[in-house]
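Participant: here is my input; please provide its structure:
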Amino acid sequence: MPHTSSEKESSQKALTLTQTEDGSFTLFHPIIGEHYHSTRGALQESKHVFLHAGLEYALTRNPKNTISILEVGFGTGLNYLVSQEYCEQQGIHLHYTGIEPYPLSKTILKSMQYKTYVDGNVVDEFYSIYEKSLEREVKAGPHSFLTLATEEALSFQSPDLFDVLYFDAFATTRQPEMWTLNTLSHCCSFLDVGGVFVTYAITGNLKRILKSLGFRIEKVAGARGKREMLRAIKLSV
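Facilitator: Presented below is the predicted three-dimensional model:
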């Protein structure tokens, strides 16, 4: 990933908008060499992996009217938008924190055409508070709050523990440092006991690391185009 402001600006200018098979959009990152979402369907992947297998599953296990989510790899904000939309519909209070060291510009986010597949009020509110959320927690809707931590995952700190952890880094072949014991241990330290970890990936090494960190591993049917994904429940500190 780039480390200077000029490199960051250049990399964002090189991003390519791509329509995926379900009609939603993703971006191709030429430096990483990967799309931000599955080209088989960005929206269906986000809902399948993170909303259904993560947030909704956590609420099934532990019904509550306030829930907190930590996302590693906020990217285009799609996982946040579908989660906020769901929570607003259900009257659930959402506290959402995203880790994103290289936040995208609002111009790029608007190019994603989210209003064609996410509630327009949710999208408009996101656009209006996006830049403020890079500095502090902001109210993002009647029941929602958003904070974006613009730092590397290993630098992230929080006094709070979260109910759900969305792990949405680029693939291990493209961003291997995100899938190490060191990074996963640090990120998972912010997940409460009983909390739910979800990611689109499933590898032997990932399963071994999470088991060593006190998680129970679950194999879940993957999003379109992938046989399986991983969900894990934190059983101990």
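
Participant: mind listing the helices for the chain?
Facilitator: Taking DSSP state H as the test, the helices found in the chain are 5-13, 42-45, 57-61, 78-90, 106-110, 120-133, 181-188, 204-212.

Participant: now do the strands in this protein.
Facilitator: Taking DSSP state E as the test, the strands found in the chain are 16-19, 25-29, 34-35, 66-72, 93-99, 138-141, 144-149, 162-167, 191-199, 215-221, 228-234.

Participant: would you single out the least confident of the helices of the chain?
Facilitator: Taking each of the helices of the chain in turn, the one with the lowest mean pLDDT is helix 5-13, at a mean of 59.

Participant: pull the number of nearby residues for the nearest residue to Gly75 once chain neighbours are set aside.
Facilitator: The spatial neighbour of Gly75 that comes closest, neighbours along the chain excluded (Cβ to Cβ, 6 or more residues apart in numbering), is Tyr36 at 4.9 Å. From N, CA and C alone the C-beta is placed, and that goes for glycine too. Using other Cβ atoms under 10 Å, Tyr36 has 21 neighbouring residues.

Participant: then His37?
Facilitator: 27.

Participant: ok, it touching Thr26?
Facilitator: Yes - look at His37 against Thr26 with Cβ atoms under 8 Å: they come within range, at 4.0 Å.

Participant: measure His95 to Trp179 for me?
Facilitator: 26 Å (Cβ to Cβ, to the nearest Å).

Participant: er, Ile233 actually
Facilitator: Plainly put, Ile233 is 19 Å away from Trp179 if you go by Cβ to Cβ.

Participant: tell me which residue is most central in the protein.
Facilitator: The residue at the geometric middle of the chain, judged as the C-alpha nearest the mean C-alpha position with Cα atoms, centre = their mean, is Glu71 (4.1 Å).

Participant: pretty sure that one sits against Asn79.
Facilitator: Yes - in this structure, Glu71 is within contact of Asn79 by Cβ under 8 Å, at 5.9 Å.

Participant: shared neighbours of these two, anything?
Facilitator: Contact with both Glu71 and Asn79 is made by residues 166, 168, according to Cβ atoms under 8 Å, 6 or more residues apart in numbering.

Participant: tell me the contacts of the closest residue to Ile67 other than its chain neighbours?
Facilitator: The shortest distance from Ile67 to any residue other than its chain neighbours is 5.0 Å, reached at Asp163 (Cβ to Cβ, 6+ apart). By Cβ under 8 Å, 6+ apart, the contact set of Asp163 is 58, 62, 64, 67-69, 191-192, 195-196.

Participant: please repeat the previous calculation with a cut-off of 10 Å.
Facilitator: 54-55, 58-59, 61-62, 64, 66-70, 95, 191-192, 194-196 (Cβ atoms under 10 Å, 6 or more residues apart in numbering).

Participant: and for Met112?
Facilitator: The contact partners of Met112, taken as Cβ under 10 Å, 6+ apart, are 17, 24-27, 36-37, 42, 76-78, 81, 104, 118, 123.

Participant: list only buried entries from the residues you listed.
Facilitator: Buried subset of those (neighbour count, 16 or more other Cβ atoms under 10 Å): 24-27, 36-37, 42, 76-78, 81, 104, 118, 123.

Participant: could you report the neighbour count for the closest residue to Gly73 other than its chain neighbours?
Facilitator: For Gly73, the nearest residue in space outside its immediate sequence neighbours is Asp168; the separation is 4.0 Å by Cβ to Cβ, 6+ apart. Asp168: 25 surrounding residues under other Cβ under 10 Å.

Participant: Asp168 and Ser83 touch, don't they?
Facilitator: No - the pair Asp168 / Ser83 is not scored as a contact, 11.8 Å apart, by Cβ atoms under 10 Å.
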